[in-house]
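Novice: what follows is a protein structure lacking sequence information:
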């Protein structure tokens, strides 16, 4: 059996040609300007004009000459070719570039994901965006953590709650580790979304208001954790050990689905008593 690796230059060339040829010139107001078209789609010079690059550069890309365009050029080509999100990501992968922030984070949960969070009962579940705003939650999450509906939307942020809310501040047995990991996650998101003014504003607010956050932020730790464990000290149910898992929806990659599961039989029993199961 022979295994072939991907020739990214040739695949990039073929992908750009295919996406150029599928476009309708009439959608760009070009039909009246250029009538005689022997091939479908846009011409190379039209793509070059839309992307703000030279025609020769587009020709060399489509000939697979091994060019490595910058992230700015890749972004311009994606816009010119009107690539949807998945194809835009594919183009960035082929050119070994990191895509720019695709846009502002969601501030409300899409209905299918909100429904999924509800349907995950009896497991406590939350839906968050990249800056840890809490967008959706189920009944079990409110019993375990906090009734988020009682908070103003601006305060439904996991990082802010862990630092500033009196009940949540006392909830975690190993609060130092939870907080350290949370700040490291927030710094990772902050670096990945430099244009997110709301996230920058949150960081600035916490730096000014909370010495503990300021100390951890200055250490410049970065981390992304997809699973782990936490132990809470619940005022009504006592000690509950939890395993958690973070899932990323393919359709909404800016969002995070956070699930909690009891880590041992005693914790399962405590959670069932707390949630009335």
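Specialist: Cool, got the structure. If you're wondering where the values come from, they're calculated on a predicted model, not measured in any experiment.
Novice: any low-confidence regions in the stretch 1-150 of the chain?
Specialist: Applying pLDDT under 70 to the stretch 1-150 of the chain picks out residues 1-6, 31-37, 99-103.
Novice: can you rerun that using 50?
Specialist: Residues of the stretch 1-150 of the chain that meet the criterion pLDDT under 50 lie in 1-3, 32.
Novice: all helices for it, in order.
Specialist: For the stretch 1-150 of the chain, the helices defined by DSSP state H, counting those that start in this stretch occupy 8-21, 44-51, 55-62, 71-80, 85-94, 111-119, 139-144.
Novice: give me the angle between the fifth one and helix 8-21.
Specialist: Same thing as helix 85-94. If you take axes from the mean of the first three to the mean of the last three CA atoms, to 10 degrees, helix 85-94 sits at 150 degrees to helix 8-21.
Novice: gap between helix 85-94 and the chain center?
Specialist: Here the centre of helix 85-94 is set off from its chain's centre by 15 Å, with CA atoms, centre = their mean, to the nearest Å.
Novice: could you point out the helix or strand that follows the lengthiest helix in the chain?
Specialist: If you go by DSSP state H, the chain has its longest helix at helix 175-192. Later in the chain than helix 175-192, the nearest helix or strand by DSSP states H and E is helix 197-209.
Novice: what packs against the next helix-or-strand element following that following helix?
Specialist: The first helix or strand that comes after helix 197-209 along the chain, using DSSP H and E, is helix 211-218. Helix 211-218 makes packing contacts with helix 175-192, helix 197-209 when contacts are defined by 3 or more CB pairs under 8 Å, 6 or more residues apart in numbering; DSSP states H and E. Just so you know, the C-beta spots here come from the backbone N, C-alpha and C atoms, and that holds for glycine as well.
Novice: how about the longest one: buried residues?
Specialist: Taking 16 or more other CB atoms under 10 Å as the basis for neighbour counts, the residues of helix 175-192 that come out buried are 175, 178-187, 189-190.
Novice: next, format those residues as a markdown table and append pLDDT and distance to residue 88.
Specialist: A markdown table is the format used below for those (pLDDT from 0 to 100; distance: CB to CB, whole Å):
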| residue | pLDDT | distance to residue 88 |
| --- | --- | --- |
| 175 | 92 | 40 |
| 178 | 94 | 35 |
| 179 | 94 | 36 |
| 180 | 94 | 35 |
| 181 | 93 | 31 |
| 182 | 94 | 30 |
| 183 | 94 | 31 |
| 184 | 91 | 29 |
| 185 | 91 | 25 |
| 186 | 93 | 26 |
| 187 | 90 | 26 |
| 189 | 88 | 20 |
| 190 | 88 | 23 |
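Novice: picking up where we left off before, out of the helices of the stretch 1-150 of the chain, which is closest to residue 159?
Specialist: helix 139-144 (16.5 Å; CB to CB).
Novice: what comes up buried for the closest one?
Specialist: Buried residues in helix 139-144 (16+ other CB under 10 Å): 140-141, 143-144.
Novice: name the residues that touch whichever helix or strand comes after that helix?
Specialist: With elements assigned by DSSP H and E, the helix or strand that comes after helix 139-144 is helix 158-164. The contact list for helix 158-164 (CB atoms under 8 Å, 6 or more residues apart in numbering) reads 126, 128, 132-134, 146, 155, 168-169, 172, 178-179, 182-183, 186, 202, 206, 209-210, 212-213.
Novice: just the buried ones from those residues?
Specialist: By 16+ other CB under 10 Å, these give 126, 128, 132-134, 146, 168, 172, 178-179, 182-183, 186, 202, 206, 213 as buried.
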